[in-house]
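Participant: Following is a predicted model, sequence given first.
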Amino acid sequence: MYLLGIDGGGTKTEEVVADAYGNVFAKVVTGSSNPTSMSREDFESIMEKAHFFDANTEIRIV
């Protein structure tokens, strides 16, 4: 199983994909993603840039 962690803040957004043992397989850092200080369109744009998945990727939230 792989886990996706997202830390969105006022200065940057970090996404990490890791396994249950803490081995990190991918990390992406992009711009600010604080939804209270930006428009919805800007927030969505930052989140799209941060993702390293395509439409065929299965994502399960647990």
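Facilitator: Happy to help now that I have it.
Participant: and the nearest residue to Thr11 once chain neighbours are set aside, how many residues sit next to it?
Facilitator: Once flanking residues are discounted, Thr11 sits nearest to Ser32: 5.8 Å by C-beta to C-beta, 6 or more residues apart in numbering. Where C-beta positions appear, they are placed from N, C-alpha and C, glycine not excepted. Number of residues near Ser32 (other C-beta atoms under 10 Å) recorded here: 16.
Participant: Hmm, Ser32 is touching Glu14, no?
Facilitator: No - with contact defined as C-beta atoms under 8 Å, Ser32 does not reach Glu14; the gap is 11.5 Å.
Participant: Any chance you could list residues touching both of the two?
Facilitator: Counting by C-beta atoms under 8 Å, 6 or more residues apart in numbering, no residue touches both Ser32 and Glu14.
Participant: circling back to that earlier point, report pLDDT for the residue nearest to Thr11.
Facilitator: pLDDT, Ser32: 82.
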